[in-house]
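Asker: The sequence and its predicted three-dimensional model are supplied below.
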Amino acid sequence: MTQPELEQQVARCLTQRGLTLSVAESCTGGLLSARITDVAGASKFYKGGACTYCNEIKQKILGVRAETLETYTAVSQQTAAEMAQGIARVYGTDLGVGITGYAGPDGGEDGTPVGTIYIGLFWKGSTQVHKIVSPHGRSQARQDAADEALCMILHAIKE
């Protein structure tokens, strides 16, 4: 499925089901929000997003706990989960997405490879997190993370 088809399918499914979505992005820097809002009629389901690039903002805006950041780091499944939960709570949406990772050119100080990205999806009171590794450069890593988030949304709401 091509990128525009993916966004349109997400838009169609969310609109048909009367569901709302919000996203919290770190390494994707607003790319997922841009792709969602490229679809005409996105305002029917998309309530907004937050680009929470630094830990301070992850904490202040999304409510990511300091203990989570200290224990697991900003690039972890725990942080992605708390980002997804936090954005859904702040925006009052049915679904929340949280994306955090190392898009490049460097990986983590702890040896986590470049291109490691965690995508959290909060829906129906539970949160799932997928990990991807996209070592083909910063731009491709960001695209891959946005693609994975859209696929996660589709899979969840079609169940």
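Answerer: Done, it's in.
Asker: Quick one: end-to-end length of stretch 55-68, please.
Answerer: Terminal residues of stretch 55-68 are spaced 11 Å apart (C-alpha to C-alpha, to the nearest Å).
Asker: Buried residues, that stretch. List them.
Answerer: By neighbour count on 16 or more other C-beta atoms under 10 Å, the buried set for stretch 55-68 is Asn55, Lys58, Gln59, Ile61, Leu62, Val64, Arg65, Thr68. The way it works is simple: take the backbone N, C-alpha and C, and place the C-beta from them, glycine included.
Asker: got it, and stretch 16-25?
Answerer: Leu19, Thr20, Leu21, Ser22, Val23, Ala24, Glu25.
Asker: Looking at the residues you listed, which are in strands?
Answerer: Among the buried residues of stretch 16-25, the members falling in strands (DSSP state E) are Leu21, Ser22, Val23, Ala24, Glu25.
Asker: which of those residues lies closest to Glu82?
Answerer: Nearest to Glu82 among these, counting by C-beta to C-beta, is Ala24 at 9.3 Å.
Asker: Reformat the buried residues of stretch 55-68 as JSON lines; add distance to Thr93.
Answerer: Putting these into JSON lines (distance: C-beta to C-beta, whole Å) gives the following:
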{"residue": "Asn55", "distance to Thr93": "23"}
{"residue": "Lys58", "distance to Thr93": "18"}
{"residue": "Gln59", "distance to Thr93": "20"}
{"residue": "Ile61", "distance to Thr93": "15"}
{"residue": "Leu62", "distance to Thr93": "13"}
{"residue": "Val64", "distance to Thr93": "17"}
{"residue": "Arg65", "distance to Thr93": "21"}
{"residue": "Thr68", "distance to Thr93": "21"}
